[in-house]
Each structure stands twice: as C-alpha cells, then as structure tokens.
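Undergrad: Take a look and give me a structure for this.
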Amino acid sequence: MAQSHSETLVTRRKVLIADPHTARRAALARRPGRSLAIEAATLCEAFPLAEQSMPDVLLLSIDFLAEPDFQGFLNL
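TA: Numbering: from 1, shown residues only. Purely as a prediction, here's the structure:
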C-alpha cells in the first residue's frame, strides 16, 4: 500500500540532548521515532546549539542542576 503525500511530509522534531555521559546521550539519540537528535556534552556546548537550532524538546541531565548556567536554560 502506497503512502499518501501527506504521510511522507511528517515534520521531524528536533531534540537537544545535553548530558556529560557519552553512552547515555547515544542511547537517547538512538530512540526510535521521527526526531533529529542534537547532542551536547556540557551546558556551554548546549546553550548556543539551543539558540541556533531552536529544538522542540530539550533533555538536560540532572547532573547539570548544580551548575550556575542551568538557570539560563529555564529562560529559553
């Protein structure tokens, strides 16, 4: 059965994954679905990526809660 034109034009969600653990970022990025994963290992990497890419979803590691730059992400 062929897909209709509207089914092939599904928008991919952009997901920014900020986590210091490479394996955890990779596991989250591999999750099935129609999303485009953008990865960052630090908040310093993640903030400009978030501003440039305007992700639909932002996944921040709990490891970043104590960092002073964490408050900036709440204002995005």
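
Undergrad: I'd say Leu28 and Leu59 touch.
TA: Yes - here Leu28 lies in contact with Leu59, judged by Cβ atoms under 8 Å, at a distance of 6.3 Å. To be clear about C-beta, it is placed using only N, CA and C from the backbone, and glycine gets the same treatment.

Undergrad: can you list residues touching both of those two?
TA: Counting by Cβ atoms under 8 Å, 6 or more residues apart in numbering, the contacts common to Leu28 and Leu59 are 15, 17, 19.

Undergrad: Dump the residues you listed into TSV; add pLDDT and secondary structure as well.
TA: What follows is the shared contacts of Leu28 and Leu59, written out as TSV (pLDDT from 0 to 100; DSSP: H, G, I helix; E, B strand; the rest coil):
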residue	pLDDT	secondary structure
Val15	93	strand
Ile17	95	strand
Asp19	96	coil
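
Undergrad: Relative to Leu49, which of the residues you listed is nearest.
TA: Using Cβ to Cβ, the shortest approach to Leu49 within the shared contacts of Leu28 and Leu59 belongs to Ile17, at 10.0 Å.

Undergrad: what's around that closest one, how many residues?
TA: 24 (other Cβ atoms under 10 Å).

Undergrad: same question, Arg31
TA: 10.

Undergrad: likewise the one 3 residues further on?
TA: Applying the criterion other Cβ under 10 Å, we find 8 residues in the vicinity of Arg34.

Undergrad: I am assuming it contacts Asp56, so please confirm or correct that.
TA: No - counting by Cβ under 8 Å, Arg34 sits too far from Asp56 to count as a contact (11.0 Å).

Undergrad: Can you pull the residues that touch both of those two?
TA: In contact with both Arg34 and Asp56: Arg13, using Cβ under 8 Å, 6+ apart.
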